[in-house]
Structure formats: structure tokens, C-alpha cells
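> model this:
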Amino acid sequence: MHSKGEMNLKAECSCFPASDYAADPYRDLVASCSDKKIEVIMCLGQPTEKGKGRVGRSPYPGLGYEVKHENGLYIEKDVSILTRGGYKIYADIYRPDNEQREENFPVILLWGPYGKHDLPQRLIPEDGIDPTWISQYANFECPDPAYWCKHGYAIVSVDSTGFWSSEGDFTFMTRQEAEDCCDVIEWLGTRNWCNGKVGMAGISYYAMIQWRAASLRPKHLAAINPWEGLLDIYRESFYHGGIPESFFVERWGKMNNFSNNRLEDQYANARAHPLIDCYYAAKQPDVAQIEVPAYIVASWSDQGLHTRGTLEAFKRIGSRQKWLEVHGRKKWAYFYQPDEVEKQRQFFDHFLKGTDDTVLGWPKVSIEVREKYYVGEVRAEDEWPISRTKYEKLFLDASTDILTTFHPDRENAVRYNSEDTKQNAHFDYLFPETTEITGHMKLRLWVSTSDADDMDIFVAIQKVDQNGNLVPFAFFSLYEDGPVALGWLRVSHRELDERLSTPYQPVHLHRRELKLTPDVPVPIDIEIWPSGTKFKKGERLRVLISGKDIYTDYPPMLPRTTHADLNRGMHVIHTGGKYDSHLLVPVIPPKKA
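Below is the predicted model of the structure:
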């Protein structure tokens, strides 16, 4: 059952500064929509009942305040926190259970929709998490209270607005949710057992709320640790390159709808807003307003979800003290890996306790340059993107299916049936010497079709070893056969935002559709999401172009992204002569001694 709700954009976007900050892709849209109200499709949640919940997850224990003393923890269940809107948010509070229980502890806040009662029954064998790394108290995608309380912290796990027994209506990535989160931060910061400093941590949703809440600058928020959280819900989740995502968004909504109130129906709203408009502007955090220290962790392996946004947030975030770490592994396992947990503690020990200065000696940027699945080398850098990058063009040659360093004189074309999952076009580049490709890639193509007025293009960048075998990489939290990087574009969305696009990173407006004329080639620039990979002499980089999703062979209920393409008939890719189809690659020379 659906109903209509309203978001007041003026209120939603009041966190945007009046001044021009060119990094934000929604700035001009916010100005033009500031006095409008946006209708939002809402649905009734699945009522929360004791003993029920998501399949394969911990059953909901019901609502009721309770105090527990167990395993060195002092646990308060279902503590109610009143928001400025007059409704209650419920939290579970974990503190060390000793004679110093009333001591001033720093707090780490976990704000999410999955249920603060949802404990380790959710482990998936493919996630790579060693069960000895976490206790029975660890929430999905969150720090483990058993570890953190042992080290003198309080962990507060919240059922976010509208979920489970927390009151209010849920609206996704809005100012309203961020204000509720800030109310909780300020309440925690004034408890007699808190030292006045609150941090935030966690993966995915627990990271995304950090962009939103921190941009409002609550007084008691002292540091954040966003771990792989998208930033732009249109470009990074709902529509990849303008192509509608057809699995993850809908599945997320169906699996996370436990509420006694109304919830925003993300999938229905995504379909109601196929182009970027005020709906998306109201959901864009102004990360330039974030001031608190930030330890940001991204990965090359979350292509299609969090890779792009986490790196974009690091580039735009206003914090003077910020660190970036980029890995190429499974994100859940990497988060709970003991040495990574120690780094998280070093960060919070400094900014929430003032007891450890280790973080001040960290490199500003740390990246893993991959060779294959779970094989790579970590290197320190001073910035992102890497300033010494040399961008080189590899031209597509349809006559030989290769990539070359020179532009072919002769025009050629390659064709594939866009409706056949087994048909594609591919082009290989053989490396004459060991080369590192780290950063943003751009694929320029000239394309045409005689069978439709639009085309959906799917691109995978792959690595091929010296024996002709595909080299696998960690992919999407669970999988071990992923690509180097991915890219997408609906050709009618090819119009660029000239203000934001760079030679190596095209940014598409997605404000209107420019339909094709049959058999008339048009140039398109496809953003390839960032990656970091070493290619040895004799290995190859492959550009694979298809009319269908390229990585789909996974169990039906495990997370992944798929798309509802509109393709029909033959696709034609033109190369050589007047057609400058090429891949722009970021070559990283060695650091100078």
C-alpha cells in the first residue's frame, strides 16, 4: 500500500551554502528548486512483532527497557531518545561493566535500519569473516561492542527513524533523518557517563548517514569513520549511467521494511524519477560542510555500489584532518580484520580520547595496488587522485580487436547483438612493460544502431594473464571473480556537465534524453569507476563492451546489481579515421626517490 508524502526542499537543502562550491553536482539544481515541495511515494511498513523479522536473521525481541550485566558489558536495551520532532528513537547502549561504569566514556554511534538486535546469525560463508574476529554482540556492518567496551568506549546502536519500534516516518538520505541523528548525537554527548565526544562508524548505510549528519555540524560529533558509503544515489545506486538498477534497490526495500509507520519506497521513487531532478537534490549531502576529522575507507571492489561515492566524498569533504584508505578486498571481512580494527581504534583514541597520536603519522592516502584476487601491494600517497598520473590514450581498432597507442587511419566497425548475453565486443592491450593503472578511466566510443532510438552500453575493464586467462578480483562483498572496473551509459544520457567534467572523469547531467537517429554515429564518454591494478609485461588489459550486464552468474538472493536495459537489435562501435574511440588510462610512474 502506498501513499504520498512531501519533502520541503527548502528545509531539506538548507545545509547547502549560498556560495559556489563547484565540486557538488546538485548545486545549481538546489538553487532552482529551493521553494518547491516534492511528492514522495511512501509505503506502510511490515509491523514489528516479537519473534518475527528477516529470514535468516535474529528475530525481533520486542520493545521494552531492560538492563543486562554479561561478559563484562553493562547493556541497556531500548533506551528512548526524544527528537525535536517529538517522536522517540530507540537505542541499545553498551558500556564497560565495572566499578567505573559512570566514568566519562567517548561514544561511537551506529545509526542504521537493519535492527540493533540483528546479531551474528547473519554471517555468510563467502563474506571472508573469521568468526573469531567478532562476538555475539556485533551488529551487521558495525563495530563490535565487546572489543570497544574493553578499550574504554561506549557503543550506542540505534534503530533509525521509522524502523522497528523507533517512531516517525522514514525518508531516505534526507535532512529530516540527519536532524534526527544529530538529536541523538547531542543527547549522547550530554550524558553524565559520556566525555562529551561522539564518533560515528560503520559500513554502507552506517557510513552514508555520516555524510548527512556530519554536514550539519552537531556540537558533540568529534570524528567519523565512514567505511564504503555511496554519496550520489542517482549515479551510484538507482541509475548507473542512466540505466535503471533492477535488483539491489528493490531487494533492499523488500528486506528492510519492518516498521510501525510509513517508509519511503525507494524503488517506486526511483522509477518515478528517471532523470535527475529536485527529488535527488534533496538527498545530496553537502560534504564540503563537514569539519570533523575523518578516516575514510573505500575499495576498488565495490564496483556498482560504494566505490565511486566514497572516493568522491574524500575529494569534496571539508575536513582539514582526513585520511583515505583504499583496498581491493571484501569489504565486510576487511572491516573486521583485527589489524584494521586496531587502526580504527588508533583514530578514535586520538580524536575521542586524546591518548594516542599514531594517526598523525599516517599517510594521507593509502592504496592497495592489486595483481589478482587478494594479492596486492599497499603504498602511501599524498593525495587522491594521484597528482603524478600520466593519462594515456589507447585507441580501439575494430579491424584487429586490439587497443593501440596510435590512432588507426582506417575506419572500421564492430557489431554485436545487444539482446544476446553471449555477444559482445572486446579490445585488448598487451603491456610491453610492467605498468600500474590507478585512478579514473574514461572510455570514448562512437556508437550507432539502426534498430532503436537509444542504446544501453555496459563496459567491463578486465585483466588477462600471459596464458590468456581472466585474472579475478574481489567483487561486491562476497565474490571472487570480479573485474578491474565497470562503467555504464544509456546513450540518450550522453550530455555532459561541462562545469564538472574533467578530461579523465566525465560527469553526465542526466537531465534530459537525446534520442538517436538511425545509423548516425554519436560520440559518448563513459565514466569507468576508479580502480588500482598492476599489469606485468606480457599481461593484457581488456575492454569488454556488451548490451547486457556482464557479471551476473551469482546465487539469486545474494547482493549484486543488475539493470533493466532497453536494448534492441545490433549495436555498432566505430573506430579509426574520424572516429577517435579510445580508452584513457591513468598510468602511475614510480615515485621519485
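> What ranges in the stretch 51-200 of the chain fall below the confidence cut-off?
Along the stretch 51-200 of the chain, the parts satisfying pLDDT under 70 run over 99-102, 120-123.
> Okay, strands next: where are they in it?
If DSSP state E, counting those that start in this stretch is used as the criterion, the strands of the stretch 51-200 of the chain fall at 66-70, 73-82, 88-96, 105-112, 154-159, 194-203.
> distance of the closest residue to residue 367 other than its chain neighbours from residue 531?
Of all residues not flanking residue 367 in the chain, residue 326 sits nearest, at 4.5 Å (CB to CB, 6 or more residues apart in numbering). (C-beta placed from N, C-alpha, C; glycine too.) With the distance defined as CB to CB, to the nearest Å, residue 326 ends up 10 Å from residue 531.
> between those two, what contacts are shared?
Taking CB atoms under 8 Å, 6 or more residues apart in numbering as the criterion, residue 326 and residue 531 both touch residue 300.
> got the residue ranges for the helices in the stretch 101-250 of the chain?
Shown for the stretch 101-250 of the chain, the helices assigned by DSSP state H, counting those that start in this stretch span residues 145-150, 175-189, 205-214, 233, 248-255.
> Please pull out the lowest mean pLDDT helix or strand from the protein.
Between all helices and strands in the chain, the lowest mean by mean pLDDT, DSSP states H and E belongs to helix 9-12, at a mean of 39.
> Output the helices of the stretch 101-250 of the chain as TSV; include the columns mean neighbour count and distance to residue 557.
Rendered in TSV, the data for the helices of the stretch 101-250 of the chain read as follows (neighbours: other CB atoms under 10 Å; distance: least, CB to CB, whole Å):
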stretch	mean neighbour count	distance to residue 557
helix 145-150	21	29
helix 175-189	23	27
helix 205-214	27	19
helix 233	21	23
helix 248-255	16	8
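> what's the closest of these to residue 442?
helix 233 (22.7 Å; CB to CB).
> Centre of the chain to the closest one, how far?
With CA atoms, centre = their mean, to the nearest Å as the basis, the distance from the averaged C-alpha position of helix 233 to the chain average is 9 Å.
> again with stretch 576-592
Using CA atoms, centre = their mean, the distance between the centre of stretch 576-592 and that of its chain works out at 26 Å.
> Flag every buried residue along it.
Within stretch 576-592, the residues that qualify as buried by neighbour count (16 or more other CB atoms under 10 Å) are 576, 579, 580, 581, 582, 583, 584, 585, 586, 588.
> Restricted to strands, list these.
Using DSSP state E, the members of those that fall within strands are 582, 583, 584, 585, 586.
> can I get these in JSON lines with distance to residue 127 and pLDDT?
Converted to JSON lines, these look like this (distance: CB to CB, whole Å; pLDDT from 0 to 100):
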{"residue": "582", "distance to residue 127": "38", "pLDDT": "98"}
{"residue": "583", "distance to residue 127": "33", "pLDDT": "98"}
{"residue": "584", "distance to residue 127": "35", "pLDDT": "98"}
{"residue": "585", "distance to residue 127": "32", "pLDDT": "98"}
{"residue": "586", "distance to residue 127": "30", "pLDDT": "98"}
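> got those residues as JSON lines, with distance to residue 555 columns?
Putting these into JSON lines (distance: CB to CB, whole Å) gives the following:
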{"residue": "582", "distance to residue 555": "37"}
{"residue": "583", "distance to residue 555": "32"}
{"residue": "584", "distance to residue 555": "36"}
{"residue": "585", "distance to residue 555": "33"}
{"residue": "586", "distance to residue 555": "34"}
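> one step back: from memory the residue nearest to residue 367 sits against residue 363, does it?
No. With contact taken as CB atoms under 8 Å, residue 326 and residue 363 are classed as non-touching, separated by 11.6 Å.
> Compare these two (neighbour count), which wins?
Using other CB atoms under 10 Å, the more surrounded residue of residue 326 and residue 363 is residue 326, with 26 against 14.
> Can you tell me who that one pairs with across the strands?
Beta bridges link residue 326 to residue 298, residue 367 when assigned by DSSP bridges.
> what about it, distance to residue 390?
If you go by CB to CB, the gap between residue 326 and residue 390 works out to 20 Å.
> same deal with residue 237?
In this structure, residue 237 lies at 32 Å from residue 390, with CB to CB as the measure.
> These two: which has the busier surroundings?
Legend: neighbour count by other CB under 10 Å for residue 237 and residue 390, higher for residue 237 (23 against 9).
> Please give me every residue in contact with the residue nearest to residue 367.
Counting by CB under 8 Å, 6+ apart, residue 326 touches 297, 298, 299, 300, 311, 365, 366, 367, 368, 384, 532.
> Equivalent analysis for residue 313, please.
Neighbours of residue 313 in contact, by CB under 8 Å, 6+ apart: 211, 226, 229, 231, 287, 296.
> 10 Å - rerun?
Each residue near residue 313 by CB atoms under 10 Å, 6 or more residues apart in numbering is listed here: 207-208, 210-211, 226, 229-232, 285, 287, 290, 294, 296, 298, 322, 324.
> Show only the entries of the residues you listed found in strands.
Counting by DSSP E, the part of the contacts of residue 313 found in strands is 226, 294, 296, 298, 322, 324.
> Residue 333: helix or strand, and which one exactly?
Here residue 333 sits within helix 331-336, counting by DSSP states H and E.
> Tell me which helix or strand comes right after that helix.
Sequence order places helix 338-348 as the next helix or strand after helix 331-336, per DSSP H and E.
> quick one: low-confidence ranges for this structure?
Along the chain, the model assigns pLDDT under 70 to residues 1-23, 99-102, 120-123, 593.
> Where do the domain boundaries of it fall?
For the chain, the structural domains run 2-362, 390-587, going by automatic domain parsing.
> mind putting those in TSV, distance to residue 375 included?
Listed next are those as TSV, based on distance: least, CB to CB, whole Å:
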stretch	distance to residue 375
domain 2-362	9
domain 390-587	10
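> Look up the closest residue to residue 380, ignoring the ones flanking it.
With CB to CB, 6+ apart as the criterion, residue 380 has its nearest non-adjacent residue at 3.4 Å, and that residue is residue 363.
> for that neighbour, helix, strand, or coil?
When states are read from DSSP: H, G, I helix; E, B strand; the rest coil, the local structure at residue 363 comes out as coil.
> right, and it touches residue 591 too?
No. Under the criterion of CB atoms under 10 Å, residue 363 lies out of contact with residue 591, with a separation of 11.8 Å.
> Spit out the residues that contact these two alike.
379, 380, 381, 382.
> quick revisit: tell me which strands and helices the helix holding residue 333 is in contact with?
strand 194-203, strand 221-227, strand 294-299, helix 338-348, strand 473-475 (3 or more CB pairs under 10 Å, 6 or more residues apart in numbering; DSSP states H and E).
> mind listing what the first one pairs with, with the direction of each?
Partner strands for strand 194-203, per DSSP bridges, with pairing direction: strand 105-112 (parallel), strand 221-227 (parallel).
> Work out the gap between the first one and the centre of the chain.
Using CA atoms, centre = their mean, the mean C-alpha position of strand 105-112 is found 21 Å from that of the whole chain.
> The last one too?
On the basis of CA atoms, centre = their mean, strand 221-227 is displaced by 16 Å from the centre of the chain it belongs to.
> For the helix or strand just after that strand, which helices and strands make contact with it?
Using DSSP H and E, the helix or strand that follows strand 221-227 towards the C-terminus is helix 233. When contacts are defined as 3+ CB pairs under 10 Å, 6+ apart, helix 233 sits against helix 266-272.
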